[in-house]
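# no sequence on this one, just coordinates:
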């Protein structure tokens, strides 16, 4: 006889849900801001204000600075989201 096993589904807590939403928003903002950096670089290249090679990886000049700043902000936002949503509830597991 063949038995079909069903997987037990874990319930997502409120804090985990908030963390997932916060993480998604931070990632979306990072992608949007990085696109803005590249668009500004492309526009500058068309006006001969900066070299065209700056908008290809590895980024150069103001584009590299802009992308790195956005990356740093995104990482900070992700860390903050985890710190404020998950760590308080996980801390109770280790007490």
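Yep, it's here. Because the structure is a prediction, the values reported are computed rather than measured. Residues are numbered from 1 along each chain as shown.
# from what I can see residue 30 touches residue 71, true?
Yes: here residue 30 reaches residue 71: they are 7.1 Å apart, a contact under CB atoms under 8 Å. All C-beta spots, glycine's among them, are computed from the backbone N, C-alpha and C.
# which one of those two has more residues nearby?
residue 30 (18 against 13; other CB atoms under 10 Å).
# separation between the more buried one and residue 18?
Per CB to CB, to the nearest Å, residue 30 is found 19 Å from residue 18.
# Quick one: find the helix or strand in the protein with the lowest mean pLDDT.
helix 87-91 (a mean of 64; mean pLDDT, DSSP states H and E).
# what about the chain, any weak spots by pLDDT?
1-9, 88-95 (pLDDT under 70).
# how about the helices in it?
In the chain, helices defined by DSSP state H lie at 14-46, 61-85, 87-91, listed in chain order.
# name the helices or strands packed onto the longest one?
Helices and strands in packing contact with helix 14-46 are listed as helix 61-85, helix 87-91; criterion 3 or more CB pairs under 8 Å, 6 or more residues apart in numbering; DSSP states H and E.
# What residues does the residue nearest the centre of the chain make contact with?
Centroid-nearest residue in the chain, with CA atoms, centre = their mean: residue 27, separated by 2.8 Å. For residue 27, the contact set (CB atoms under 8 Å, 6 or more residues apart in numbering) comprises 74, 78.
# about what we covered before: tell me which of the helices and strands packed on helix 14-46 sits most buried.
Highest mean neighbour count of the helices and strands packed on helix 14-46: helix 61-85, a mean of 15 (counted as mean count of other CB atoms under 10 Å).
# Could you list every helix and strand in contact with it?
helix 14-46.
# What residues sit buried inside the helix it packs on?
19, 22, 26, 30, 33, 34, 37, 38, 40, 41, 44, 45 (16 or more other CB atoms under 10 Å).
# wait, which of the residues you listed is closest to residue 77?
residue 26 (4.1 Å; CB to CB).
# All good on my end, thank you.
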